[in-house]
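> sequence and predicted model, in that order:
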Amino acid sequence: EASMVRGQSRFQFTPALRWTIIFMLVLGVLVIYSSSGSQPSILPPSQPKANPNPVSRGPRITDKAYLDVTIGNQEKKRIVIGLYGDIVPKTARNFLMLSIGNMTSPSNQKLSFENSPFHRIIPGFMCQGGDFTRKDGTGGSSIYGEKFADENFEVKHSRAGLISMANSGPNTNGSQFFITVAATPWLDGHHVVFGEVVEGMDVVRAMEAVGTQSGPTSVPVTVVGCGMI
């Protein structure tokens, strides 16, 4: 017959049982804590977690200029160009000041891209403009005089949307420039890249669409306004 003393049972609270209970309590707390947080973000290898502060893939942009362009009788559209003033400060300043348009030549001609055409556009290659003197690709002038030297060829023609100086040979930079619509590596070492399109690449593509393999455009493409942002 089982005997029981009031207020005391035969159940023994041994040291081993005490440690077992403590372990179970600690384990329960850990499980509750881990399940109360947010769910981990697991992305497949093909979709790495985005960097909230991405580093620019190109040189640092020091200034921005804009070109307001009309294609035929369409409304004007804006192209914003970021300039690489750290790498090619002289070339970048030339483009920026020609966009601002507040300088004049020794002969008192306004130095500005305003009302100048993109006179040569070749699909799959580039859009060329900047001749504000003769407007046919044979003129133009820099802010330093008619021509100035190649600054360097550090930036390569590696992709669409780059801005580079047009020239007629070494050290003959004026005001003419071109916008690439594809990589053009054969121009590396011959033309100075000084910036990139940061907004309005769709406008550049629309310009490309009215070009021809020989260069003349099917409708006029004109810079009707320009300046600094």
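The structure has been received and is ready for your questions.

> output the below-cut-off pLDDT ranges for this structure.
1-18, 20-21, 23-57 (pLDDT under 70).

> and if we set it to 90?
Per-residue confidence for the chain (pLDDT under 90) gives these ranges: 1-58, 106-107.

> residue 95 touches residue 65, doesn't it?
Yes. Under the criterion of Cβ atoms under 8 Å, residue 95 is in contact with residue 65, at a separation of 6.3 Å. Backbone N, C-alpha and C define where each C-beta goes, glycine included.

> those two: who's more crowded?
Between residue 95 and residue 65, residue 95 has the larger neighbour count (other Cβ atoms under 10 Å), namely 26 against 23.

> who are the contact partners of that one?
In this structure, residue 95 makes contact with 65, 81, 83, 163, 177, 194, 195, judged by Cβ atoms under 8 Å, 6 or more residues apart in numbering.

> among those, name the buried ones.
65, 81, 83, 163, 177, 194, 195 (16 or more other Cβ atoms under 10 Å).

> now do the contacts for the second one.
It stands for residue 81. Residues in contact with residue 81 (Cβ under 8 Å, 6+ apart) are 64, 65, 66, 67, 95, 163, 195, 196, 197, 198.

> let's verify it: helix, strand, or coil?
Look at residue 81: counting by DSSP: H, G, I helix; E, B strand; the rest coil, its state is strand.

> now do it against residue 19, distance only.
The gap separating residue 81 from residue 19 is 73 Å, by Cβ to Cβ, to the nearest Å.

> equivalent analysis for the last one, please.
Distance, residue 195 to residue 19, by Cβ to Cβ: 71 Å.

> looking at the contacts of residue 95, spot the one nearest residue 150.
Closest approach between the contacts of residue 95 and residue 150, by Cβ to Cβ: residue 194, at 10.8 Å.
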